[in-house]
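Enquirer: model this:
(2 chains)
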Amino acid sequence: MAQVPVEHGLILAAMLFALGLVGVLARRNLIFILLSLEVMLNAAGLAFVVAGSRWLQPDGQILFLFILAAAAAEVSIGLALVLLFQRRHPSLSVDDASGMRG
Amino acid sequence: MLSLLWLVPAFPLAGFLVLTLLGGRRLTHAATTWIGVGSVGLSALLTMLIGVEFLAVPPAGSVFVQTLWTWMNVGKLNLAVAFRLDSLSLTMIFVVTFVGFLIHLYSAEHMAEDEAYNRFFACMNLFVAAMLVLVLADNLALLYLGWEGVGLCSFLLIGFWYREEANCRAARKAFLVTRVGDTAFAIGLFLLYTDLGTLQIQPLLQGAAAKWGVGSGIAVAAAALLLAGAVGKSAQLPLQVWLPDAMAGPTPVSALIHAATMVTAGVYLIARMNAIFALAPAVMAVTAAIGTATLLLAGMSALVQRDIKRVLAYSTMSQVGYMFLALGAGAWSAAIFHFWTHAFFKALLFLGAGVVITAMEEDHDIFHMGGLRSRMPLAFWTFLIGAASLSALPLVTAGFYSKDKILWDVFSSPRGGAVLWAAGVAGALLTALYTFRVVFRVFFGAPSSRVTESSPLKQPGLRIAIPLLVLAVFSIGAGFVELPGTLGNIPAFSNFLMGSLPPLLVSGMPGNEVILQIVAAAAVLLGLALAYVVFLRRPDWSAKLAQSPAGDTLGKFLFSGWGFDWAYERLFIHPYVRLSQLNKADVFDRLMDRLVARPYAALARFNRNDFFDRFVGWIAEFNAAVARALRTLQSGYVRWYAAGIVMGAIILIASAVLR
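Expert: Residues are numbered from 1 along each chain as shown, chains lettered A, B, ... in the order given. Modelled structure (predicted):
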């Protein structure tokens, strides 16, 4: 099996991270923000896996499992928050939740 | 039984608290009597039981110390509320509680008509408690507490009838004059503490003896300051002026405070601190000189007084002068012996005088009395016994034995000598003369118009008769506890005091005791005979003498107490009053105006434009501006916050990578 160069994997991870980040910053819809956060988490996970395969260590994959667990928990709480948000505000736009402006 | 010692001062204190807190309205007359007299009575009973046990089964070292609680513990200063019972303090508390009880009992009848009956007993109980604390105290701070306590009660009771201004004046005078001595005493305490590091009496005395040399400067200073305190409290020269005026108080107060107990507190203090005085021979000599001068001066003043209580007041000064003479000669136990007998016969004389004054409807003037012998037999006989004891009538009275011991000890002590002895004998002559002047004027001769008019005279009841009779018995019998070498030689009293007071130093050449005694006794009898002739047989002689120009001047001079009041008025009071009149123009106020108020006003004028306020305002405005700027960061948009996190992360990573 041909070895994927480590640089390619890292560049892919960086691109995914950047995409996720832009999504978080630019999107207003809460659900899309959560999706973008997932993308960022997976980008970080991909970087771990790539690094693990580069040094032939299983640690990277184990850490990805942890990230998956954390992401699942985060999404469950996040979606619950979204439901609550939906009840209070007519839309799902995060900019509506600016009541704490100084 | 000894462990109940704390109850002795606690009973009168409890009596005071109950009488004060419940007040006169809630307590019936009978309840006030029972509490006021009963508390001191219980105290006296307990003291007697303690005394019996102390004599029968003496505690180790003949000293019993009871520590109740820690009073204060600051740095090195560790003071406990602790009582020390030894032969000296036992003698004192016996006199204070026993004589105190009799006087309280007397007061129950004497003061019965007074509107402030409750307040009287409250103050008297507080006095007894404070006096007991004074004599029982194991450290000087506690002693000082009692010392000031008795001073306070003295003030309250002299001014007891406060509606008359003269009484308030007398109270203030007593308080202020004794304060002079008390201040010196307090400074003495500071000196002792800073140099010896303790206020406990016994370690203090041992430390002083070990550390200070005989006649060293600090020993002299400490002894002199203590002496000044004693002089103020005991009404000796030059602080004696308050005692005659203190007679403004009720008669039982004069008997208890200004004759039997409080004025002898100075004697107790010097006897208690004898080791320090022994280190300062110069101060001892001064003590003896003060005592001698006081006993002669006061005796002469007593000779011309018209107020029966003032005669007794001057005689108290004179007798306390004897005690000081004895202390100055190092005859510690002789001084305490005289205190012992003096307490009985002087209390008796005051109480008898109180009976006479009541019968005379509050007239104190002995020239308005006369011929009371057959009309008031009880008062006459008891007063006669007291007067005989005061004049030291040979062999049969207590006063003879104590005065004889003082004279003999003074003569044989290396610190005394023939001159002081002769002065003492002259004082004895004077004492007999002025004492029997009162007796003859009041009880003999023709009844004055006042006596015949105001019949029937108010006769004393049982509560007055019992104290008079008991004190009369003691005025005779209390002297037989110490018999001089020529008359059986039973020095029981001084042997008893040996546990707490050092014995007298005797110089090498003893005189002939019998001859000295005969001379002193002859002086007393001569005085008595002289009084008989001048005041009873030929009263025209004394009247003629008083009317001659020289006699008149001398009489006025003596009457005023040697012009001490006159001199003090000019030396201290007038300059002070003049200074305050000078200051009527507010010199000090103006000075303060120049020094403080005007510069401040100038500063305020400079600051009229709120220079300082503005400066502070700038700080506030700056802060507000910063806050406004920072507020924009708190936009409320989650995405902005996320962007902030991203920016921060980028900066952190960049700084880590590019370093």
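
Enquirer: quick one: low-confidence parts of the chain?
Expert: Just going to use chain A. A:1-2, A:102 (pLDDT under 70).

Enquirer: Chain B is the one I meant
Expert: Scanning chain B for pLDDT under 70 picks out B:24, B:449-456, B:507-511.

Enquirer: At the contact with chain A, which residues of it appear?
Expert: Counting by Cβ under 8 Å from any Cβ of the partner chain, chain B comes close to chain A at B:630-639, B:642-643, B:646. Where you see a C-beta, it was placed from the backbone N, CA and C, and this is true even at glycine.

Enquirer: again, only this time at 6 Å
Expert: Proximity of chain B to chain A, by Cβ under 6 Å from any Cβ of the partner chain, involves residues B:631, B:634-639, B:642-643.

Enquirer: Looking at the residues you listed, which two lie furthest apart in space?
Expert: Largest separation among the residues of chain B next to chain A by Cβ to Cβ: B:631 and B:642, giving 19.3 Å.

Enquirer: Looking at those two, which one has more neighbours?
Expert: Higher neighbour count among residue B:631 and residue B:642: residue B:642, with 16 against 11, using other Cβ atoms under 10 Å in any protein chain shown.

Enquirer: Tell me who's in contact with the more buried one.
Expert: Residues near residue B:642 by Cβ atoms under 6 Å, 6 or more residues apart in numbering or on different chains: A:24-25.

Enquirer: any idea which element it lies in?
Expert: helix B:638-657 (DSSP states H and E).

Enquirer: Kindly report the same for residue B:486.
Expert: Here residue B:486 is assigned to no helix or strand, by DSSP H and E.

Enquirer: Check residue B:400 too.
Expert: Per DSSP H and E: helix B:398-412 holds residue B:400.

Enquirer: hmm, who's touching that helix?
Expert: By Cβ under 6 Å, 6+ apart, the list of residues contacting helix B:398-412 reads B:322, B:326, B:329, B:331, B:334, B:337-338, B:341, B:345, B:389-390, B:392, B:394, B:416, B:420-421, B:424, B:475, B:478-479, B:482, B:484, B:504, B:506, B:510-511, B:513, B:520.

Enquirer: which of these are buried?
Expert: By neighbour count, with 16 or more other Cβ atoms under 10 Å in any protein chain shown, the contacts of helix B:398-412 hold B:322, B:326, B:329, B:331, B:334, B:337-338, B:341, B:345, B:389-390, B:392, B:394, B:416, B:420-421, B:424, B:475, B:478-479, B:482, B:484, B:504, B:513, B:520 as buried.

Enquirer: Go through the residues you listed and flag which are in strands.
Expert: In strands, judged by DSSP state E, none of the buried ones among the contacts of helix B:398-412 are found.

Enquirer: could you dump the residues of chain B next to chain A to a markdown table with distance to residue B:91?
Expert: Output for the residues of chain B next to chain A, formatted as a markdown table (distance: Cβ to Cβ, whole Å):
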| residue | distance to residue B:91 |
| --- | --- |
| B:631 | 87 |
| B:634 | 87 |
| B:635 | 93 |
| B:636 | 92 |
| B:637 | 96 |
| B:638 | 94 |
| B:639 | 99 |
| B:642 | 96 |
| B:643 | 97 |
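
Enquirer: Can you select the buried ones among these for me in ChimeraX?
Expert: ChimeraX command restricting the residues of chain B next to chain A to the buried ones, with burial defined by 16+ other Cβ under 10 Å:
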select /B:635,637,638,639,642
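
Enquirer: I figured residue B:349 hits residue B:386, correct?
Expert: Yes. The criterion here is Cβ atoms under 6 Å, and residue B:349 meets it with residue B:386 at 4.1 Å.

Enquirer: who's in contact with stretch B:651-659?
Expert: Stretch B:651-659 is contacted by no other residue when judged by Cβ under 6 Å, 6+ apart.

Enquirer: which residue ranges form the strands in the stretch 501-650 of chain B?
Expert: Ranges of strands in the stretch 501-650 of chain B, per DSSP state E, counting those that start in this stretch: none exist.

Enquirer: Quick check: residues of chain A near chain B?
Expert: Counting by Cβ under 6 Å from any Cβ, the residues of chain A near chain B are A:24-25, A:94-95, A:98, A:100-102.

Enquirer: buried sites along the helix holding residue B:642?
Expert: B:638-639, B:642.

Enquirer: Dump the residues you listed to JSON lines, plus distance to residue B:234.
Expert: Listed next are the buried residues of helix B:638-657 as JSON lines, based on distance: Cβ to Cβ, whole Å:
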{"residue": "B:638", "distance to residue B:234": "92"}
{"residue": "B:639", "distance to residue B:234": "96"}
{"residue": "B:642", "distance to residue B:234": "93"}
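
Enquirer: from those residues, which single one is nearest residue B:494?
Expert: Checking the buried residues of helix B:638-657 against residue B:494 with Cβ to Cβ, the nearest one is residue B:638 at 102.6 Å.

Enquirer: So residue A:4, which state does it fall into?
Expert: Classification of residue A:4 using DSSP: H, G, I helix; E, B strand; the rest coil returns coil.

Enquirer: Which residue is the nearest non-sequential neighbour of residue B:274?
Expert: In space, and not counting its chain neighbours, residue B:274 is closest to residue B:332: 5.4 Å by Cβ to Cβ, 6 or more residues apart in numbering or on different chains.

Enquirer: ok, that neighbour - contacts?
Expert: Residues near residue B:332 by Cβ under 6 Å, 6+ apart: B:271, B:274, B:501.

Enquirer: what's the single longest helix in the chain?
Expert: You didn't say which chain, so I picked chain A. In chain A, assigned by DSSP state H, the helix with the most residues is helix A:59-88.

Enquirer: Can you look at chain B instead?
Expert: When chain B is parsed with DSSP H, its longest helix is helix B:165-196.

Enquirer: For that one, name the packing helices and strands.
Expert: Packing partners of helix B:165-196 (3 or more Cβ pairs under 6 Å, 6 or more residues apart in numbering or on different chains; DSSP states H and E): helix B:140-158, helix B:217-233, helix B:242-245.

Enquirer: what is the orientation angle of it with helix B:217-233?
Expert: Per axes from the mean of the first three to the mean of the last three Cα atoms, to 10 degrees, the angle that helix B:165-196 makes with helix B:217-233 is 160 degrees.

Enquirer: Which positions in helix B:165-196 come out as buried?
Expert: B:167-168, B:170-171, B:173-175, B:177-182, B:184-189, B:192-193, B:195-196.

Enquirer: Ok, stretch B:3-20 next?
Expert: So stretch B:3-20, judged by 16+ other Cβ under 10 Å, has buried residues B:5, B:8-16, B:18-20.

Enquirer: contacting residues around it?
Expert: In contact with stretch B:3-20 (Cβ under 6 Å, 6+ apart) are residues B:35, B:39-40, B:42-43, B:46-47, B:66, B:68, B:83, B:85, B:118, B:121-122, B:125-126, B:128-129, B:132-133.

Enquirer: What is the distance between it and the centre of its chain?
Expert: 20 Å (Cα atoms, centre = their mean, to the nearest Å).

Enquirer: Need the residues that contact the longest strand belonging to chain B.
Expert: The residue-count maximum for a strand in chain B (DSSP E) belongs to strand B:64-74. Here strand B:64-74 makes contact (Cβ under 6 Å, 6+ apart) with B:2, B:5-6, B:79-85, B:138.

Enquirer: correct me, but residue B:255 touches residue B:352?
Expert: No. At 9.5 Å, residue B:255 and residue B:352 do not qualify as touching, with contact defined as Cβ under 6 Å.
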